[in-house]
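Enquirer: any chance you could fold what I've pasted below:
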Amino acid sequence: MKNIKAIITDLDRTLLRTDKSLSEYTIAVLRDCKARGIKIMAATARPERTITEYDEAIGFDAVTVMNGAKVMVGEKRMTYGIPDALAEEMLAKVCERKEFLFSVETGEILYAAEHIAEFQYTLHTEFPKLPAGETAYKILVSGEGAAEFVKENLTEDLHCTVANGYLVQIMSKDAKKRNGVAVMLDAFGISPEEAVYFGDDQDDAESMEFCGLGIAVDNAIPEVKAVADKVVESNDADGVARWIEDHILKN
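Expert: Numbers count the residues shown, from 1 in each chain. Alright, predicted model coming up:
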């Protein structure tokens, strides 16, 4: 593995343990990689505001957040939001389905029309109209039949993924982790063949196939394991860091 110049990893259920913690062992392994000149990058569905503690612990060289809707390399920021008219058109359709829970991620604030227990949010009662001055980067929808409904109503300028088996994420067609990975690697002159990608869920599959080596953690969904070059120990067993130590740091 001497040709690996970049390590790219998803966060939740991949690098992070199930309780959202980052082990001291994992931090030490990734810092050792950085000391050897290997770039450490993250590609996550999380918005920027929720990764601060992990960035401070590791010092990512580049980050893709919101499934590729925002890419950060140094001081450079590239964003791929949903045009307002398109977002409000989709929200109008979602609003008609009273059984669905939905919210809108703007990067700075998550807006919801009603209480959603697992999220920190700001209440917005004027949907389908967006909050004034805000750009929608992701529309999140959950509920029975939500994935089928969204896929039937997507336009050619939008795409969606399903996270955790239930949460539908609607984004601009340009907002994909794989696109963010390409931008991050290009910024450092690293080819995809010189990168390894770790992931667990549907939105990681393209990036795993794009990079020279795609690795799934043992708790990954079957579809991701099927495209992976290798399956390692689970997130709770620090599978990412253990593989890196055994196959990169010890070589």
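
Enquirer: list the buried residues for stretch 69-78?
Expert: Of the residues in stretch 69-78, Ala69, Lys70, Val71, Met72, Val73, Met78 count as buried by neighbour count, 16 or more other CB atoms under 10 Å. Yep, even glycine has a C-beta here, placed from its N, CA and C like the rest.

Enquirer: secondary structure and distance to Ala147 added to these, as JSON lines?
Expert: Below are the buried residues of stretch 69-78 laid out as JSON lines (DSSP: H, G, I helix; E, B strand; the rest coil; distance: CB to CB, whole Å):
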{"residue": "Ala69", "secondary structure": "coil", "distance to Ala147": "19"}
{"residue": "Lys70", "secondary structure": "strand", "distance to Ala147": "24"}
{"residue": "Val71", "secondary structure": "strand", "distance to Ala147": "26"}
{"residue": "Met72", "secondary structure": "strand", "distance to Ala147": "29"}
{"residue": "Val73", "secondary structure": "strand", "distance to Ala147": "32"}
{"residue": "Met78", "secondary structure": "strand", "distance to Ala147": "28"}
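
Enquirer: out of the residues you listed, the closest to Thr135 would be?
Expert: Nearest to Thr135 out of the buried residues of stretch 69-78 is Ala69 (CB to CB; 9.3 Å).

Enquirer: wait, what's in contact with that closest one?
Expert: When contacts are counted by CB atoms under 8 Å, 6 or more residues apart in numbering, Ala69 touches Thr79, Tyr80, Gly81, Gly107, Tyr137, Lys138, Met171, Ser172, Ala175.

Enquirer: quick one: pLDDT of it?
Expert: pLDDT recorded at Ala69 is 96.

Enquirer: would you mind measuring from it to Arg17?
Expert: As judged by CB to CB, to the nearest Å, Ala69 and Arg17 stand 26 Å apart.

Enquirer: could you list the low-pLDDT ranges of the stretch 1-150 of the chain?
Expert: 1-2 (pLDDT under 70).

Enquirer: all helices for it, in order.
Expert: Using DSSP state H, counting those that start in this stretch, the helices of the stretch 1-150 of the chain run over residues 24-35, 52-58, 84-95, 146-153.

Enquirer: and the ones you listed: which comes nearest Ile190?
Expert: Ile190 lies closest, by CB to CB, to one member of the helices of the stretch 1-150 of the chain: helix 24-35, at 13.6 Å.
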